[in-house]
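>>> Fold the stuff below for me.
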Amino acid sequence: MVTASCRHSARKPSSTRSIPLSIKTLSATKLLIDNVGVAPRGQLVEDILDQLPLMTGDVEELTGATASFVNLNRTDFRALQALSSSRGMTAGELARALRVTTGATTRVVDSLVAAGHAHREWDPQDRRRILVTVTPAAQRVLERSLQGLREDLRKALAGYSEVELNAVLRFVGSLRGLARTHARRLARPLT
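Now for the predicted structure:
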């Protein structure tokens, strides 16, 4: 692990902050910073664009490791995550969230119910609908599996000013929106 010291305009000029940089993901040229401690804007944009595809692989690796930690396959784990962030979903809603067929969703729900991670219940708002919900025990397991990551993220974010945190939040929101937009665009056949 290498650290680079950067000055930020939102802080006093004399203050510096160490940012961990992985040698595996950043080339030696990207470790070079100009004489005021901040890389030129164009280089920063290119560095961010270079890091984003690598991040998707990291997220996939984390998803696989977390799924293994809770003894689930990736699809069942993704379903459990989707269910845990809702008050319950119909099988059709879950299929859309997972982007799989309703048949595949039935298998996932059956598997989660059999393992005691989820259960089916009548929708209190519409008794014709059946909702799939996460069991309290499964919710605790999910929270425990991600607790270390959340703590580490809190520590990492503690080093940022409110202005920087707002920029990060805005960027993450934009990134998610762009990802959804491009996913929809790619789902349409090319003409």
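>>> Met89: neighbour count?
By the criterion of other C-beta atoms under 10 Å, Met89 has 22 neighbours. Placement of C-beta: from N, CA and C, glycine included.
>>> go on, the one 3 residues further on?
Close neighbours of Gly92, defined as other C-beta under 10 Å, add up to 11.
>>> what's stretch 101-115 in contact with?
The contact list for stretch 101-115 (C-beta atoms under 8 Å, 6 or more residues apart in numbering) reads 72, 75-76, 79-80, 83, 91-92, 94-95, 98, 100, 118-120, 132, 138.
>>> Sorry, wrong one. I was asking about stretch 141-150.
By C-beta under 8 Å, 6+ apart, stretch 141-150 touches 62, 66, 69-70, 80-81, 84, 117, 134.
>>> what helix or strand does the residue nearest the centre of the chain sit in?
Residue closest to the mean C-alpha point of the chain, counted by C-alpha atoms, centre = their mean, is Val59 at 6.6 Å. Val59 belongs to helix 41-69 when assigned by DSSP states H and E.
>>> can you list contacts of the helix or strand following that helix?
Note on helix 41-69: by DSSP H and E, the next helix or strand toward the C-terminus is helix 74-84. Identification of contacts with helix 74-84 by C-beta under 8 Å, 6+ apart yields 63-64, 66-67, 70, 72, 89, 94, 97-98, 100, 104-105, 108-109, 111-112, 117-118, 132-134, 138-139, 142.
>>> what do you get if the cut-off is 7 Å, keeping everything else the same?
63-64, 66-67, 70, 72, 89, 94, 97-98, 108, 111-112, 117-118, 132-134, 138-139, 142 (C-beta atoms under 7 Å, 6 or more residues apart in numbering).
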